[in-house]
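>>> Take a look and give me a structure for this.
(one chain, ligands or ions: 3)
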Amino acid sequence: MSLIIKNGRVVTASEDFTGDIFIEGETISSIGKDLQYPADQIINAEGLLIFPGGIDPHVHLDMPFMGTFSSDNYESGTTAALHGGTTMVIDFILQTQGKSLYSALEEWRGRSDGNAMCDYSFHMAVTDFNENTRREIRDLVEKEGITSFKTFMAYKGALMIDDRQMIGLMNEVRDCGGMVTVHATNGDMIDYLVSKHRAEGKLTPLYHYLSQPEITESEAAGRFVDMAYHTGVRSYIVHLTCEGALNQVREATMRNQKVNVETCIQYLLLDASLYENDNEGAKWVMSPPLRQKKDQETLWAGIQQGLVQVVGTDHCPFMWEQKLMGEKDFSKIPNGHPAIEHRMELLYSEGVKKGRISINKFVELTSTNAAKIFGMFPRKGNLGIGADADLVIFDQEKKHTISAKTHHMNVDYSAYEGWEVTGKVSSVVSRGKIAVSDGKLNVAKGHGQFIARKTI
Ligand code: URP
Ligand code: ZN
Ligand code: ZN
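Residues are numbered from 1 along each chain as shown. Ligands and ions are numbered 1, 2, ... in the order given. Below you'll find the model as predicted:
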């Protein structure tokens, strides 16, 4: 099959021109002006933007967590991703403490194989680093294409590892050419504050926020950055939210250290005042929590300064009924919020349209940088000859309103209900197939493939 997209405004991380894209099979075979190739399908993109399909490197699909499972499985989560212009996601496998990394991989394959609508890959979360785990790492990198290893400095008693394990893991991952990523908040401090608030009868969602003050994140980010410096491992901080943590990264650049940083769309757009609503605050209970307006300013500035390279979602949705598990105790509210579908449109509307970022920066943040950092470039995150034909055709003027009534995520509320957005996905091409067109999905379960990643 071949497809030609005519007369669109083609935007990449570095270019912006009007032209055509010719796709044969799953890859881009030509880009230029007035291409005259016969094609099986034609899309007229006049007046529309064409940019690389989004890559969301931080999602949790069908994940067992806090006594329940995140409510989007591979089918519904990747369907929603495609509707929002994301053509690839990276999900997190969680090792069960006491068990092997490979057994966790098998478990995740059981949920993902044959069920995805868009391409996907895995990070491996190491929650129990020991001699057995150490021996599995090289095989995961070299045989499975899993090159990034996630660590939690929080969720004490469940996912958290200590610094001794962190150093051991970092040394091994460095030797294998991989990367260590981190949820950087101080688990002991948070554990203490949660217990204290509970003992005092302070149980509303606001106390989720007050149990994770900014210092818990800046301290852990600094500690992680120091350990990465000491070991020399490639490093990446996931869902960084605040000024204090970003300043730790800023400081590290002064000793010529490179730390990759992801923030998530919610930390740019939403703030902690939402927790003051006792009845609805649980919608935004996530970790780290939403922060202050000054932190939003820091993150937008950090993007401009090149300190923040990626905007993901940390998509981890729960039905309202699941959120009600913590109705009487904030510490039992499953942590996470839904966003996989609206990251691209929200960032376009709030970022590009409002003049905070350029359109090229938008492409970097939503796609190209993640492809580069996680060993998929130039196959992904790129409109180049030979690249996978993953792209979005986008109507930059179309206004719409986000609502749970119209979204495709398997969750019965929207964290952005009523938000008016300018710019809407018109069509999505995923490995050469028109996957979404005018709001309709045209691919079947299993279209999405596992993408093995390289070390860089
Ligand atoms: O609240 C969150 N972020 N839930 C998902 C797990 C994690 O920490 O990323
Ligand atoms: Zn996290
Ligand atoms: Zn997460």
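>>> Which strand or helix spans the residue in the stretch 351-456 of the chain positioned nearest to ligand 1?
Closest to ligand 1 within the stretch 351-456 of the chain is residue 415: 11.8 Å, counting by C-beta to the nearest ligand atom. Glycine gets a C-beta too; all of them are placed from N, C-alpha and C. Per DSSP states H and E, residue 415 falls between elements, in no helix or strand.
>>> excluding its backbone neighbours, what's nearest it?
Closest residue in space to residue 415, ignoring its immediate chain neighbours: residue 337 at 4.7 Å, by C-beta to C-beta, 6 or more residues apart in numbering.
>>> Ok, residue 159 next?
Leaving aside its sequence neighbours, residue 159 sits nearest to residue 152 (C-beta to C-beta, 6+ apart; 4.1 Å).
>>> what pairs with that neighbour across the strands?
Legend: beta-bridge partners of residue 152 under DSSP bridges are residue 183.
>>> Per the annotation, how does the chain divide into domains?
The chain breaks down into these domains under automatic domain parsing: 2-51+387-397+419-441, 53-373.
>>> Tell me which of those sits most buried.
With neighbours taken as mean count of other C-beta atoms under 10 Å, the domains of the chain reach their highest mean count in domain 53-373, at a mean of 21.
>>> Span of that one from start to end?
Chord length of domain 53-373, first to last residue, is 16 Å (C-alpha to C-alpha, to the nearest Å).
>>> Then stretch 256-270?
End residues of stretch 256-270 are separated by 32 Å (C-alpha to C-alpha).
>>> The residue of the stretch 351-456 of the chain closest to ligand 1 against residue 338, yeah?
Yes: the criterion here is C-beta atoms under 8 Å, and residue 415 meets it with residue 338 at 6.1 Å.
>>> Next to ligand 1 in this structure, residues from the protein, please.
With C-beta under 6 Å from any ligand atom as the criterion, the chain meets ligand 1 at residues 60, 183, 286, 287, 314, 316, 335, 336.
>>> For the fourth one, which non-adjacent residue is spatially closest?
Spatially, and ignoring its direct neighbours in sequence, residue 287 is nearest to residue 335 (4.7 Å; C-beta to C-beta, 6+ apart).
>>> would you say that neighbour is within a helix?
No: going by DSSP: H, G, I helix; E, B strand; the rest coil, the assignment for residue 335 is coil, not a helix.
>>> related to what we said a few turns ago, quick one: which of the domains of the chain is nearest residue 456?
domain 53-373 (7.6 Å; C-beta to C-beta).
>>> model confidence over the closest one, on average?
Mean pLDDT, domain 53-373: 98.
>>> CA-only coordinates of stretch 104-116 in PDB, if you can.
Extracted as PDB, the C-alpha positions of stretch 104-116 are listed here (Å, rounded to 0.1, in the frame of the first residue of the first chain):
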ATOM      1  CA  ALA A 104       7.600  -9.400  35.200                       C
ATOM      2  CA  LEU A 105       8.300  -9.100  31.500                       C
ATOM      3  CA  GLU A 106       6.300 -12.200  30.800                       C
ATOM      4  CA  GLU A 107       3.400 -10.800  32.800                       C
ATOM      5  CA  TRP A 108       3.400  -7.500  30.900                       C
ATOM      6  CA  ARG A 109       3.700  -9.400  27.600                       C
ATOM      7  CA  GLY A 110       0.600 -11.300  28.500                       C
ATOM      8  CA  ARG A 111      -1.300  -8.100  28.800                       C
ATOM      9  CA  SER A 112       0.200  -6.300  25.800                       C
ATOM     10  CA  ASP A 113       0.900  -8.900  23.100                       C
ATOM     11  CA  GLY A 114      -1.700  -8.600  20.300                       C
ATOM     12  CA  ASN A 115      -3.700  -5.900  22.100                       C
ATOM     13  CA  ALA A 116      -2.100  -2.600  21.200                       C
END
